[in-house]
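J.: What follows is a protein structure lacking sequence information:
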């Protein structure tokens, strides 16, 4: 029995791809191990979105190379592998394989060749590849990621993803529903649909609204989430479906990147500040109680202080529940590299801190207002410091005093406190619920 260890960095799509790799290799006799020292094959599934992510992976590859004994194979897979290709072999003499996201079907054969002493690269784009015939190997639990779309056609100037994931393509609706049926039958009750611009999904006949409605009809699916959407792909059809399907959760992660129209144009985002805020208003009107989180980049080339002020004012106008904020990171291979007027690092860092303070302040204010409310919570996993962690439909994390065998249970929970991001809560008995 051959043993494989996979370490995963980056987004939910990478996590889903790791499950596919375990499926591919499992069919060829590999078993999973959680200690690289015990592995015959070590794979690092990488992210290339930011330079920091690549530097972290490079350091980790160096650490893992000390386990290359008795013919063990070390491979780098995923987006960083796709971006660097053969260059990665030149930079990292201990690496045996470099495989992009469309090459996982051939992993076992590539590993076999590497075992014979060859150093290999497979970074070809395969526009047909959805791994439909590969059963992913998922960890047991009540939640699951389901990839419905791969690649991206938008080509924002700051983003490397179109060059590491290839062109956009969507799975057939019937195949997605078939996978969800199998997951529901196994006890999974919460599904998260994945795609680079997930709400632009279209299989030639059915769009994202059709997909939401079809999955919402699957028995056993109590919650349905998706990430990451593109603002202007929230058509009226999609918003109507979100409001009509009871399983669709009241939370959307809606990246804005900037609140300034001139910066949005330089980013090649296909909406204006005004259009973005219109989408926010439509979502809030259609889905009462919805929570919104976002991604924001500061210090993009050409951003002035007045442009940044527009971003700050958009954050206030949208009244986000949470936000992920980043200082612009130059990525070789993206169009933004050629833009002039790069913002000095110190100035960008100062702006980032102001933005963080604003976003955290909004999050804390909103979360303090939720203390005392009763929420429907799905218990997901054991918390690192004891107790169990659960999630509300609106994507709030709650620490609960429950036994480990409560994973997968739904509880009505009164929120009793907050650290500003995570909540504490107590379960409510049926008799207490009857009084409420």
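T.: It's in. Owing to the predicted nature of the structure, the values given are computational and were not obtained by experimental measurement.
J.: where does the protein dip in pLDDT?
T.: Across the chain, the ranges flagged by pLDDT under 70 are 429-436.
J.: make it 90
T.: Where the chain drops to pLDDT under 90, the residues are 1, 48-59, 69-70, 329-332, 384-386, 419-421, 429-436.
J.: how's it carved up into domains?
T.: 2-122, 143-369, 371-435 (automatic domain parsing).
J.: Does anything pack onto the helix ranked longest in the chain? Which helices or strands?
T.: Longest helix of the chain, by residue count under DSSP state H: helix 345-370. Helices and strands touching helix 345-370, by 3 or more CB pairs under 8 Å, 6 or more residues apart in numbering; DSSP states H and E, are strand 291-298, helix 305-318, strand 322-327, strand 410-418. The way it works is simple: take the backbone N, C-alpha and C, and place the C-beta from them, glycine included.
J.: picking that back up, rebuild the domains of the chain as CSV, extending it with mean neighbour count and distance to residue 132.
T.: Shown next, in CSV, are these (neighbours: other CB atoms under 10 Å; distance: least, CB to CB, whole Å):
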stretch, mean neighbour count, distance to residue 132
domain 2-122, 18, 11
domain 143-369, 18, 6
domain 371-435, 16, 27
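J.: Redo the ones you listed as a markdown table? Include distance to residue 131.
T.: Shown next, in a markdown table, are these (distance: least, CB to CB, whole Å):
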| stretch | distance to residue 131 |
| --- | --- |
| domain 2-122 | 5 |
| domain 143-369 | 8 |
| domain 371-435 | 25 |
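J.: Compare those and give me the one nearest residue 136.
T.: domain 2-122 (3.7 Å; CB to CB).
J.: centre of the chain versus the closest one, how much separation?
T.: 20 Å (CA atoms, centre = their mean, to the nearest Å).
J.: what do you get for stretch 129-138?
T.: So, by CA atoms, centre = their mean, the centroid of stretch 129-138 is 18 Å from its chain's centroid.
J.: ok, now stretch 373-389?
T.: That offset, for stretch 373-389, works out to 21 Å (CA atoms, centre = their mean).
J.: Figure out the length between the terminal residues of it.
T.: 18 Å (CA to CA, to the nearest Å).
J.: Contacts only, for the residue lying closest to residue 428 once chain neighbours are set aside.
T.: Once flanking residues are discounted, residue 428 sits nearest to residue 412: 4.6 Å by CB to CB, 6 or more residues apart in numbering. When contacts are counted by CB atoms under 8 Å, 6 or more residues apart in numbering, residue 412 touches 374-377, 427-428, 433.
J.: same deal with residue 212?
T.: 224, 226, 238, 241-242, 245, 248 are the contacts of residue 212 under CB under 8 Å, 6+ apart.
J.: so which pair among those is furthest apart in space?
T.: Farthest pair in those, by CB to CB: 224 and 238, 12.9 Å.
J.: What's the separation between the nearest residue to residue 206 once chain neighbours are set aside and residue 165?
T.: Among residues not flanking residue 206 along the chain, residue 173 sits closest, at 4.3 Å (CB to CB, 6+ apart). Separation of residue 173 from residue 165 (CB to CB, to the nearest Å): 21 Å.
J.: The longest helix of the chain: what's the following helix or strand?
T.: strand 374-382 (DSSP states H and E).
J.: That following strand packs against which elements?
T.: strand 388-392, strand 397-400, strand 410-418.
J.: For the shortest one, give me every contacting residue.
T.: Just to be clear, that refers to strand 397-400. Contacts of strand 397-400 (CB under 8 Å, 6+ apart): 375, 377, 379, 383, 387-392, 406, 411, 413, 415, 421-427.
J.: Distance from the chain centre to that strand, please.
T.: On CA atoms, centre = their mean, the centre of strand 397-400 falls 21 Å from the chain's centre.
J.: likewise the longest one?
T.: Average the C-alpha atoms of strand 410-418, do the same for its chain, and the two points are 26 Å apart (CA atoms, centre = their mean).
J.: Mind listing the strands it pairs with, and their directions?
T.: strand 374-382 (antiparallel), strand 423-427 (antiparallel) (DSSP bridges).
J.: Ok, the second one next?
T.: When pairing is defined by DSSP bridges, strand 397-400 lines up against strand 388-392 (antiparallel), strand 423-427 (parallel).
J.: Just confirm residue 49 contacts residue 158, I think it does.
T.: No - counting by CB atoms under 8 Å, residue 49 does not reach residue 158; the two are 9.5 Å apart.
J.: ok, which stretches of the stretch 151-300 of the chain are helices?
T.: Counting by DSSP state H, counting those that start in this stretch, the segments of the stretch 151-300 of the chain that form helices are 161-165, 173-185, 208-216, 236-244, 261-267, 273-286.
J.: could those go into TSV alongside distance to residue 76?
T.: TSV is the format used below for the helices of the stretch 151-300 of the chain (distance: least, CB to CB, whole Å):
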stretch	distance to residue 76
helix 161-165	13
helix 173-185	28
helix 208-216	33
helix 236-244	37
helix 261-267	29
helix 273-286	36
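J.: Wasn't residue 44 part of a helix?
T.: No - counting by DSSP: H, G, I helix; E, B strand; the rest coil, residue 44 is not part of a helix but strand.
J.: ok, it - contacts?
T.: Applying CB under 8 Å, 6+ apart to residue 44 gives the contacts 6-7, 9, 57, 60-61, 64, 74-78.
J.: of those residues, closest to residue 358?
T.: residue 9 (28.5 Å).
J.: do you know how far the closest one is from residue 214?
T.: 32 Å.
J.: same check, this time on residue 261
T.: 37 Å.
J.: what do you get for residue 163?
T.: As judged by CB to CB, residue 163 and residue 214 stand 32 Å apart.
J.: same check, this time on residue 227
T.: For residue 227, the distance to residue 214 - CB to CB - is 19 Å.
J.: now do residue 221
T.: Distance from residue 221 to residue 214, by CB to CB: 10 Å.
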